[in-house]
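Chemist: Structure for the following, please:
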Amino acid sequence: MAVTGAICFSGKAIIVKLAYRHGVDAVTLIMLRMLFALPLFLAMAWWASRGQPPLRGREWAGVVGLGFLGYYLSSFLDFAGLQYVTASFERLVLYLNPTLVLLLGWLLYRKQVRRLQVLGMAISYSGVLLVFGHEIGTVGGNVVLGATLVFASAVTYAIYLVYSGQLVQRLGSLRLVGLASTVACVCCIVQFVVLRPLDTALAVAPEVIWLSVLNATLCTAVPVLLVMMAIERIGPALSAQTGMVGPLSTILMGVLLLGEPFTGWVAAGTALVIAGIYVFTRAAQR
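Modeler: Predicted structure coming up:
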């Protein structure tokens, strides 16, 4: 379940890149994804809320804030960044998320950082910089802009994780994900209504519609449930370690489905990122 969920999550970038080939913009594309995912998240929130006490005012405020930051803003920045960078590079940047959570914990709460964790972070970030240099040389264009947007997406999601701890304990992970994702869906739909003519959604290619349906189900709702079920069975630590297949599966699908180049630089950078995160997570467990 954990491995399948990680692979499904990693397929999101591939679907987004395929949709961009049909001339759709980020605002419209993320609206379509969230529009089709909205019924699934509503059902998820309803199922997890059965027999539970209703949310209070502060809890609703927390859900809205986290949904806006962790799912709406983070997703939009990610979609926007994928216009300028390859799917494999995007996945490597997002894979740095545990290190960002640690840095935020140190900045906000002065949590202790172990030397081995610092070593793992250094290894991972050197791998990202290696692939980033390769992207500038091969992709060119607005790679710096794309990398900045994707990294900002990782930062906003890390902030969500840092501040969601208390709400997760009170509401449960599935209920919080369902409610916060519903908030994000509404934000994406409102953003589209404000920024784009309504007929824009009807003018997209049929392929974009089907890709958005696939993104909303197979790469959004389904992996959330799979990872939650995996955590119940094997725990969060082992479930997180299986996420290492994410960058590898993204690179493989990028080569096979998008025709993205796979060079020694990309292989070396990916190996460094995965090795660094492995060292980092092992140090955190100790």
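Chemist: distance of the residue nearest to Arg114 when sequence neighbours are not counted from Leu198?
Modeler: In this structure, Arg114 finds its nearest non-sequential neighbour in Ala283, 5.1 Å apart by C-beta to C-beta, 6 or more residues apart in numbering. All C-beta atoms are positioned from the backbone trio N, CA, C, and that covers glycine. Distance, Ala283 to Leu198, using C-beta to C-beta, to the nearest Å: 51 Å.
Chemist: So between the two, which is more surrounded?
Modeler: The residue with more neighbours, out of Ala283 and Leu198, is Ala283; 18 against 8, by other C-beta atoms under 10 Å.
Chemist: what about the more buried one, helix or strand, and which?
Modeler: Here Ala283 sits within helix 264-285, counting by DSSP states H and E.
Chemist: The residue nearest to Arg114: what's it in contact with?
Modeler: Arg114, Leu116, Gln117, Leu119, Gly120 (C-beta atoms under 8 Å, 6 or more residues apart in numbering).
Chemist: Is there a quick PyMOL command that grabs whichever of those residues are buried?
Modeler: This is the PyMOL syntax for the buried subset of the contacts of Ala283, where burial follows 16 or more other C-beta atoms under 10 Å:
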select buried, resi 117+120
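Chemist: Quick check: what element follows the helix or strand of the chain with the lowest mean pLDDT along the chain?
Modeler: Taking mean pLDDT, DSSP states H and E as the measure, the chain has helix 236-241 as its least confident helix or strand, at a mean of 65. Going down the chain from helix 236-241, the next helix or strand is helix 245-253, by DSSP H and E.
Chemist: next one: the helix or strand hosting Ala6 to chain centre, how far?
Modeler: Using DSSP H and E, the element containing Ala6 is helix 2-20. The chain centroid and the centroid of helix 2-20 are separated by 10 Å under C-alpha atoms, centre = their mean, to the nearest Å.
Chemist: Would you mind measuring from the nearest residue to Ala152 once chain neighbours are set aside to Ile123?
Modeler: Spatially, and ignoring its direct neighbours in sequence, Ala152 is nearest to Leu77 (4.9 Å; C-beta to C-beta, 6+ apart). As judged by C-beta to C-beta, Leu77 and Ile123 stand 25 Å apart.
Chemist: Also Val204?
Modeler: Applying C-beta to C-beta to Val204 and Ile123 gives a distance of 42 Å.
Chemist: separation between Met121 and Val279?
Modeler: Distance from Met121 to Val279, by C-beta to C-beta: 9 Å.
Chemist: quick one, the helix or strand harbouring Leu119 and helix 245-253 angle?
Modeler: Using DSSP H and E, Leu119 sits in helix 115-138. Calculated by axes from the mean of the first three to the mean of the last three C-alpha atoms, to 10 degrees, helix 115-138 forms an angle of 20 degrees with helix 245-253.
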